[in-house]
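Peer 1: Pasting the sequence and the predicted coordinates here, then a few questions.
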Amino acid sequence: MSTTTSGSTSPASGAADGAAWTNWAGNQSTRPRRSVAPASTEELAAAIRAAAEDGLPVKAVGSGHSFTSVAATDGVLVRPDRLTGIRGIDHRGGTVTVESGLPLERLNLLLEHAGLALTNMGDIMVQTVAGAIGTGTHGTGRASGSLAAQVRGLELVLADGTVTTCSPTENPELFAGARLGLGALGVISAVTFAVEPAFQLTAHEQPMTFDQVTGRFEELATENEHFEFYWFPHTEGCSTKRNNRSRGPLAPLPPFRHWLDDEFLSNTVWEGACRVGRRFPGVIPGLARIASKAWSERTYTDVSYKVFTSPRRVRFTEMEYAVPREAATTVLRELKSLVERNDWQISFPVEVRVAPADDLWLSTANGRDSAYIAVHLYRGTRDQGYFTEVERIMTAHQGRPHWGKLHTRDADYLAGVYPHFADFTALRDKVDPERRFGNDYLRRVLGA
């Protein structure tokens, strides 16, 4: 991977006094000593060397879609706005190399134009590529894993300002940790993804009851390439989605239906309902019953990323855990029972997805087929114990928290559920002994 880019090497390029930074959900904010927006790997390296000379920690942010403080710092905040270049596309080798600040949405447009695609994606595409892989962003897939699992090479700047590259054959130990590295090993400047020829997906969305979905969960997750569902608390209703590859022809949703379902109902109306529920919690069960019946069956075929992703404009906070796939239905029934015996008013549905086992050291799917169970609260809603009690269920089943979503786990717990946890922390000791890339979140989840 080339480390040559154009631009000035001045460490002050794009630098400014640190303005306050707030994440997408509005639940995390920080005021760094200064912010920098490097336009090249050289400028990034110079900024990290300058931070080291001043004794300041360094953290890089993406689009702010993590709910944790993983990117917070009172030192130097690296903004990705100008690290968005395209390094190269290798059709024969099936890879694309892009700079770390490129948003996934722009990556998808680039790949579509080139007749290529990522194998799998999460359900939104506003994140930067480095932010998405660094926290373990994932979608759902029978045999295809997270975005980090699709990485084939990295360029990153280490704590002393050294620029290095890694892959399965070059610095393989660093690659094993840095593909999903929480920003703890260095600042990523470029990513090489595996890609494949562009393909289409047929989506079949269908309402089902909770008992139907949980009773057929293994069947649905096994028979479909990509299966997920939402359960609406206070109801028996679920909305399921099955995505499978299709030879076409393209049959996207008509523009009006797309606007009605995915913009107006899923965002505008849903935002209004959540606001009403936040102010008058007693109406939430009734709103949930209406919402669970509002999603009608539909089928459409479109370009892969347009099926994987959808606009999400209603803001919320989220907790998500990965549990062993064989425990998924047990955990879901325990969660449903928990909601039913408490007087919580939960307006957001519970999201359930699956992923195959992988070999990334800090992947929530490391070494085991996994089911992801995510719970949400509308922004500004008081928790009242919902997340706390859900977390008790998840940890009782050896759950692994999503690194970018709310949780209270620490290094002692995480060392017991990640087989390669000690490998990662030993690597961190080697490449960042002074904790140039440390912050309070990493001290909690990785140790000192």
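Peer 2: Received, thanks.
Peer 1: ok, L406 touching Y321?
Peer 2: No: applying CB atoms under 8 Å as the test, L406 and Y321 come out as separate, 10.6 Å apart. C-beta: built from backbone N, CA, C; applies to glycine.
Peer 1: Adjacent strands (with direction) for the host helix or strand of T165?
Peer 2: In this structure, T165 is located in strand 163-166 according to DSSP states H and E. Here strand 163-166 has these sheet partners by DSSP bridges: strand 151-157 (antiparallel).
Peer 1: Contacts for the helix or strand following the strand holding T165 next, please.
Peer 2: Toward the C-terminal end, the helix or strand that comes next after strand 163-166 (DSSP H and E) is helix 172-178. Contacts of helix 172-178 with the rest of the structure, by CB atoms under 8 Å, 6 or more residues apart in numbering, involve 153-154, 156, 164, 166-168, 185-186, 188, 359-362, 420, 423-424, 427-428, 431.
Peer 1: rerun at 7 Å
Peer 2: Among residues not part of helix 172-178, those counted as contacts by CB atoms under 7 Å, 6 or more residues apart in numbering are 154, 156, 166-168, 185-186, 361, 424, 427.
Peer 1: Export only the CA atoms of the helix or strand containing D429, formatted as CSV.
Peer 2: Assigning secondary structure by DSSP H and E places D429 in helix 421-431. Coordinates of the C-alpha atoms in helix 421-431 are reproduced here as CSV (Å, rounded to 0.1, in the frame of the first residue of the first chain):
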residue,chain,number,x,y,z
PHE,A,421,-7.8,-10.1,24.7
ALA,A,422,-4.3,-10.6,26.2
ASP,A,423,-2.8,-10.7,22.7
PHE,A,424,-4.4,-7.4,21.9
THR,A,425,-3.3,-5.7,25.2
ALA,A,426,0.3,-7.1,24.7
LEU,A,427,0.4,-5.6,21.2
ARG,A,428,-0.9,-2.3,22.6
ASP,A,429,1.9,-2.3,25.1
LYS,A,430,4.4,-2.8,22.3
VAL,A,431,3.2,-0.1,19.9
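Peer 1: what's the angle from it to strand 151-157?
Peer 2: In this structure, helix 421-431 runs at an angle of 40 degrees to strand 151-157, with axes from the mean of the first three to the mean of the last three CA atoms, to 10 degrees as the basis.
Peer 1: Report the buried residues of helix 421-431.
Peer 2: Taking 16 or more other CB atoms under 10 Å as the neighbour-count basis, helix 421-431 is seen to contain the buried residues 421, 424-425, 427-428, 431.
Peer 1: With distance to G94 and pLDDT as new columns, can these be given to me in JSON lines?
Peer 2: Shown next, in JSON lines, are the buried residues of helix 421-431 (distance: CB to CB, whole Å; pLDDT from 0 to 100):
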{"residue": "F421", "distance to G94": "32", "pLDDT": "98"}
{"residue": "F424", "distance to G94": "28", "pLDDT": "98"}
{"residue": "T425", "distance to G94": "33", "pLDDT": "98"}
{"residue": "L427", "distance to G94": "28", "pLDDT": "98"}
{"residue": "R428", "distance to G94": "31", "pLDDT": "98"}
{"residue": "V431", "distance to G94": "29", "pLDDT": "98"}
